[in-house]
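Asks: what would the 3D arrangement of this be:
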Amino acid sequence: DLVGAVRRLDPTGRYAMAVEEFLPFNDQPGGWLIAVDSGRLATVATWRGDFASTPAGTLADRLRPHTAGPVELRGSVVRLVATASALRGQRDTELWLDVNSAETGPRALSLGRIRPGPRVYAGAVPGCASGCRVTGLSVHGGLGEFTPRSGRLLFTRLSVAAATGSFRDVDAGFGRPGQWTRYTLAAPVATNDLTATPAGLVLRYAADSGDVPGASPFDTPVRLPAVVTRTAVSDPTPGRPAVVTGLDGDRLPVTVVGVAGVLPRAGAAGTMLDLTYAGRVLGPHQNLATAQVWLSTAAPADVARRLSSVGLDVVSSVTAAQRIAVLGRAGPALALLLFGCAAGLAAALAAGGTAVSVFLAGRRRAFELAAMQAVGVPRSTLLRACVGEQLVLLLTGVAVGTLAGFVGAWLALPAMPIFVDDVAVPPLHYLPAPLVVGGFLVVAVAAVAATGVLAAGLLLRSASPVRLREVQA
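Replies: Predicted coordinates:
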């Protein structure tokens, strides 16, 4: 029981969530299937606001609508007390019990022929010694019976016992409204009426020869609620029926309760179900899914040891840091690093070119400044003019270069390959980080200002009246 083990590991639901995922073949509907312990989705899973227009908590509530509790057996022999009346058109009609266990899968077990009056129907239930779930009580016609049949059954008591133990009652909820619904394991029957009364559950039926009337515990929706991506099903409209691939590889009817652009792990082509419900509708085939435990950043450092303590063996682990490290060594990331180095080199060349330009123009400007000092212009005025001149030149370059950088990033980044393989990912954010860009601009402006003041001071210092005696080049 993956869900139970994870809940024992993390009773508060802060950092661990049970998940099973199944990647269908190319021709199977629904895309990548992830079944989650939906009550913990909003707390544990990483869910960006642009994954879907609906918050994760709301989608999780939709995945797990209210149903009745399961009817569970733990033993080897079962007894059912029922009263049959108004029986018509049947001689060898039998009462069957449907169960589903992790050990044997779904099974249908005969409890004996239906006889008028109150009776005790009993039978062995293989695979239920460690626990199984009742999935239905049904009325089956005998072999060779082709006549319509009808009748009334009152179910009053269900009990189970070990091979050598005494019987103990099971809370079947026969008298509880909403606990049982029409039989869901066969095609609908024309007359299959259920009524919960203080005396028990009343089944009135009228069926043709091939029909199977009965009752099923309402512990699972007939169509499982599903959150799908826009490309996973043909009609991803909330409220519409759809077909996806279940955890056993079989086709599974669902009802779309939410649409997402992407889903965690599944990407842009996937389906999300509630893990408990998905496990209850497993067909006769083996569960083909991969069992996982998702952890949030609140997980303790010794979580692997704690998983072992609740009976879960860790065979592999993947963290966000590991994934980021792998992506950081891939070709696109190295190309971006090369672009950054090239940009730094270009900036250094531009700074060098500016320095050379200032130096080459310095001798001519020194003559001009020396002449101004000779005619009485104050040195402080000349210093302010030189600083202003340098700052206008350099800061204009910073402003134009920054604007050009933003425009270039806006045009180029969406067209650049970010991943080596063609994977479905959430929408990428190309807007530069404000703190990084802002911090860089502050440092750049400060460096430019310091350079402008220094260049102006050196230029004015070289503007000595002695310069006027030199021949101007």
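Asks: show me where pLDDT drops low in the chain?
Replies: 25-27, 90, 142-146, 190, 283-287, 358-359, 361-363, 421-426, 465-473 (pLDDT under 70).
Asks: now do the helices in it.
Replies: For the chain, the helices defined by DSSP state H occupy 2-9, 41-44, 56-63, 275-280, 303-309, 320-328, 331-374, 379-412, 434-462.
Asks: turn these into JSON lines, columns for distance to L201 and mean neighbour count.
Replies: (C-beta placed from N, C-alpha, C; glycine too.) Shown next, in JSON lines, are the helices of the chain (distance: least, CB to CB, whole Å; neighbours: other CB atoms under 10 Å):
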{"stretch": "helix 2-9", "distance to L201": "28", "mean neighbour count": "18"}
{"stretch": "helix 41-44", "distance to L201": "35", "mean neighbour count": "22"}
{"stretch": "helix 56-63", "distance to L201": "29", "mean neighbour count": "20"}
{"stretch": "helix 275-280", "distance to L201": "20", "mean neighbour count": "23"}
{"stretch": "helix 303-309", "distance to L201": "42", "mean neighbour count": "14"}
{"stretch": "helix 320-328", "distance to L201": "51", "mean neighbour count": "10"}
{"stretch": "helix 331-374", "distance to L201": "63", "mean neighbour count": "13"}
{"stretch": "helix 379-412", "distance to L201": "66", "mean neighbour count": "14"}
{"stretch": "helix 434-462", "distance to L201": "64", "mean neighbour count": "14"}
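Asks: closest to G258 out of the ones you listed?
Replies: helix 56-63 (4.5 Å; CB to CB).
Asks: which secondary structure elements does the closest one sit against?
Replies: helix 41-44, strand 224-229, strand 251-260, strand 270-274 (3 or more CB pairs under 8 Å, 6 or more residues apart in numbering; DSSP states H and E).
Asks: make JSON lines from these and add distance to A52 to it.
Replies: Output for the helices and strands packed on helix 56-63, formatted as JSON lines (distance: least, CB to CB, whole Å):
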{"stretch": "helix 41-44", "distance to A52": "12"}
{"stretch": "strand 224-229", "distance to A52": "8"}
{"stretch": "strand 251-260", "distance to A52": "4"}
{"stretch": "strand 270-274", "distance to A52": "10"}
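Asks: for the residue nearest the centre of the chain, which non-adjacent residue is closest in space?
Replies: Centroid check for the chain by CA atoms, centre = their mean gives P264 as the closest residue, at 3.5 Å. Spatial nearest neighbour of P264, chain neighbours left out: A45 (5.4 Å); criterion: CB to CB, 6 or more residues apart in numbering.
Asks: could you give the number of residues near the one you found?
Replies: Residue neighbour count, defined by other CB atoms under 10 Å, stands at 20 for A45.
Asks: quick one: contacts for it?
Replies: Residues near A45 by CB atoms under 8 Å, 6 or more residues apart in numbering: 17, 36, 56, 264, 294, 296.
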